[in-house]
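Engineer: The following block contains a protein sequence and its predicted model.
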Amino acid sequence: MTIERTSFVYVTFISAAPEKVFEAITSADISSRYWGHSNVSDWQPGARWEHVRNESGVAELTGRVVEHSPPSKLVISWVNRSEEADPQAYSRVTFDIIPYDGMTKLIVTHDDLIKGSGMEQGVSKGWPIVLSSLKSYLETGTGLNVFAKPKAA
């Protein structure tokens, strides 16, 4: 049986240099300020990366660095830590960082997701607020509350 896959593409424009955007994604200290998690790795191709939650210190997501080309591109595999033994569970995230008339165009492609999975649902809700928080952090120095929930009507 073939597993159906899907992908998401998010584009945002950030008033910051490509080097700053790349650093914000790959620096454990900076990512913790706008994401609520630290992205931890030495970022060499083949190296493990972990997405460590600030409050608990637990790596909830993990994967491998596929490509590291600062400041223009980062590609990582992505999986829930609880599923890392299952090769089918892995998806891929590509960060394309493009200079754009004094700004940076950031394209995040999250592909090879299992259609209908919890991961698909999570990233479809998570990426928009994380990327908004990244933009806010780089432009104002303050990220958003990425764990905020809608108020009940």
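Structural biologist: Ah, there it is.
Engineer: From I107, how far off is T94?
Structural biologist: Separation of T94 from I107 (C-beta to C-beta, to the nearest Å): 8 Å. All C-beta spots, glycine's among them, are computed from the backbone N, C-alpha and C.
Engineer: any weak-confidence spans in the chain?
Structural biologist: By pLDDT under 70, the low-scoring segments of the chain are 1, 153.
Engineer: All the strands of it, in order from the start?
Structural biologist: Assigned by DSSP state E, the chain shows strands spanning 5-14, 37-40, 48-53, 59-69, 73-80, 91-100, 103-114.
Engineer: Please enumerate residues in contact with the third one?
Structural biologist: Contacts of strand 48-53 from elsewhere in the structure, counted by C-beta atoms under 8 Å, 6 or more residues apart in numbering, are 28, 36-41, 43, 58-65, 76.
Engineer: mind running it again at 7 Å?
Structural biologist: With contacts defined as C-beta atoms under 7 Å, 6 or more residues apart in numbering, strand 48-53 is touched by 36-41, 58-65, 76.
Engineer: same question, the first one
Structural biologist: Among residues not part of strand 5-14, those counted as contacts by C-beta under 7 Å, 6+ apart are 21, 100, 103-115, 120, 123-124, 127-128, 131, 135, 138-139.
Engineer: Would you mind getting the angle between that strand and strand 103-114?
Structural biologist: Relative orientation of strand 5-14 versus strand 103-114 (axes from the mean of the first three to the mean of the last three C-alpha atoms, to 10 degrees): 170 degrees.
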